[in-house]
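Asks: Pasting the sequence and the predicted coordinates here, then a few questions.
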Protein chains: 2
Amino acid sequence: MPCSPIGCPMDSLLRLLMGPWTTYILYVLRSNGPTRFGELKRRVAGVSAKVLTARLRMLEQSDVLERHYEPTIPPQVTYALSPRGRELADVIDRLGGIAKKWKDEDAAKAATSTTSAPPAPAAVPAKPRAPSPAAA
Amino acid sequence: MPCSPIGCPMDSLLRLLMGPWTTYILYVLRSNGPTRFGELKRRVAGVSAKVLTARLRMLEQSDVLERHYEPTIPPQVTYALSPRGRELADVIDRLGGIAKKWKDEDAAKAATSTTSAPPAPAAVPAKPRAPSPAAA
DNA sequence: TAAAGTAGGTACCTTTAAGTAACTAGATGA
DNA sequence: TCATCTAGTTACTTAAAGGTACCTACTTTA
């Protein structure tokens, strides 16, 4: 079940971003700088250690972030964005900009439409959707 | 199981891109222009009608693409990118560029390392990974 | 003595989402 | 008359993920 045909270079990259939390991990790492595992887990609220570990391994193996292991007695492991990670985080940022813009546009549109009208119906009744045969 | 905390504008956008085939649908629509359902299904090789329909509905509801229904007797339904879709496709293109660059870099690195060496071992044995307690 | 904090690993369960196949209407072509 | 094409829909099945809980070794603190 690929995101795109096998061999497409996007495929592996998307597989990277696709997992839950991934972009948020990158976001935290970008805005927070090198971060320890526990701190990361606290900031990415709601993520389980298992999934966080899995994501970090994926990202590390793809050279998107760097893992620094300090063998002190309570061991200290720090994660930081690599150059690739920063490159990726920039694009994600751009994506975030688009997302925010759309949301604002939607909010503005909703505001004007509800200025003198009841809450808009969820569906688009006038649209000539292909009739559902089974519904007959 | 959000990709990021609830309320983050990225969340819905990522949910859009995350689904399998989504980016490829956008890619086909971008390079091919308005495309009919069957043609789309043929170009996005391997996708099932069910999933393709689901993705198209998602993208349509998010105003990423436009659906045009022509009630001829074999009905003709055409999908095309909306302005938002083109905006999104641009970013995806950038992401694709990064993916390609990384792949080339990896290939080059692999070529130099295998010039006089056997296939590189898959793991990184020298890295001081935190010892696995259960393995002892 | 026992709990807490470090950074995870592992087993088990559940949920979600994809795949597959069969079905739809109505006209056309063999 | 039956299959085919259009653009899907629906039910059923299955597999891949995530969630939860419990486990590790070692030290410090209460």
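Replies: Structure received. Numbering: from 1, shown residues only, chains lettered A, B, ... in the order given.

Asks: And the residue sitting nearest the centre point of chain A, how close does it get to B:Val91?
Replies: The centroid of chain A falls nearest to A:Thr23 when counting by Cα atoms, centre = their mean (3.5 Å). For A:Thr23, the distance to B:Val91 equals 13 Å [Cβ to Cβ, to the nearest Å]. Yep, even glycine has a C-beta here, placed from its N, CA and C like the rest.

Asks: which outside residues touch the strand or helix carrying the residue nearest to the centre of chain A?
Replies: Counting by DSSP states H and E, the element that carries A:Thr23 is helix A:22-32. Residues from elsewhere that reach helix A:22-32 (Cβ atoms under 8 Å, 6 or more residues apart in numbering or on different chains): A:16-17, A:35, A:39-40, A:43-44, A:52, A:55-56, A:58-59, A:64-65, A:79-81, A:85-86, A:88-89, A:92-93, A:96, B:3-5, B:8, B:10, B:14.

Asks: before we move on, what about stretch A:87-103?
Replies: By Cβ under 8 Å, 6+ apart, stretch A:87-103 touches A:17, A:23, A:26-27, A:29-30, A:64, A:81, B:9-10, B:12-14, B:84, B:87-88, B:91, B:94-95, B:98.

Asks: Drop anything exposed from those.
Replies: A:17, A:23, A:26-27, A:29-30, A:64, A:81, B:9-10, B:13-14, B:84, B:88, B:91, B:95, B:98 (16 or more other Cβ atoms under 10 Å in any protein chain shown).

Asks: Residue ranges in chain A under the pLDDT threshold?
Replies: A:1-7, A:115-136 (pLDDT under 70).

Asks: now the helices for it?
Replies: Listed in chain order, the helices of chain A (DSSP state H) span residues A:9-18, A:22-32, A:37-43, A:49-61, A:83-113.

Asks: ranking those helices by burial, who's on top?
Replies: helix A:22-32 (a mean of 21; mean count of other Cβ atoms under 10 Å in any protein chain shown).

Asks: Off-centre distance for it?
Replies: Computed by Cα atoms, centre = their mean, to the nearest Å, the chain-centroid distance of helix A:22-32 equals 9 Å.

Asks: Keeping just the C-alphas, turn that helix into CSV.
Replies: Extracted as CSV, the C-alpha positions of helix A:22-32 are listed here (Å, rounded to 0.1, in the frame of the first residue of the first chain):
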residue,chain,number,x,y,z
THR,A,22,6.6,13.0,13.2
THR,A,23,6.1,16.6,12.1
TYR,A,24,5.5,17.7,15.6
ILE,A,25,8.7,16.1,16.7
LEU,A,26,10.5,18.0,14.0
TYR,A,27,8.7,21.1,15.0
VAL,A,28,9.7,20.8,18.7
LEU,A,29,13.3,20.0,17.7
ARG,A,30,13.4,23.0,15.5
SER,A,31,12.0,25.5,17.9
ASN,A,32,13.7,23.9,21.0
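
Asks: ok, and does that helix reach over to DNA strand D?
Replies: No - using Cβ under 7 Å from any atom of the strand, helix A:22-32 never reaches DNA strand D; the gap is at least 8.3 Å.

Asks: Is any residue of that helix near DNA strand C?
Replies: No - using Cβ under 7 Å from any atom of the strand, helix A:22-32 never reaches DNA strand C; the gap is at least 12.6 Å.

Asks: So what angle separates the directions of that helix and helix A:83-113?
Replies: 110 degrees (axes from the mean of the first three to the mean of the last three Cα atoms, to 10 degrees).

Asks: ok and helix A:22-32 relative to helix B:9-18, angle-wise?
Replies: Going by the same axes, to 10 degrees, helix A:22-32 makes 140 degrees with helix B:9-18.

Asks: Quick one: residues contacting A:Gly33.
Replies: A:Ala80.

Asks: Would you mind giving both backbone torsions of it?
Replies: Dihedral angles of A:Gly33 (phi, psi; degrees, to the nearest 10) stand at phi 80, psi -170.

Asks: what's near enough to touch A:Leu40?
Replies: Each residue near A:Leu40 by Cβ under 8 Å, 6+ apart is listed here: A:Ile25, A:Val28, A:Leu29, A:Leu52, A:Leu56, A:Tyr79.
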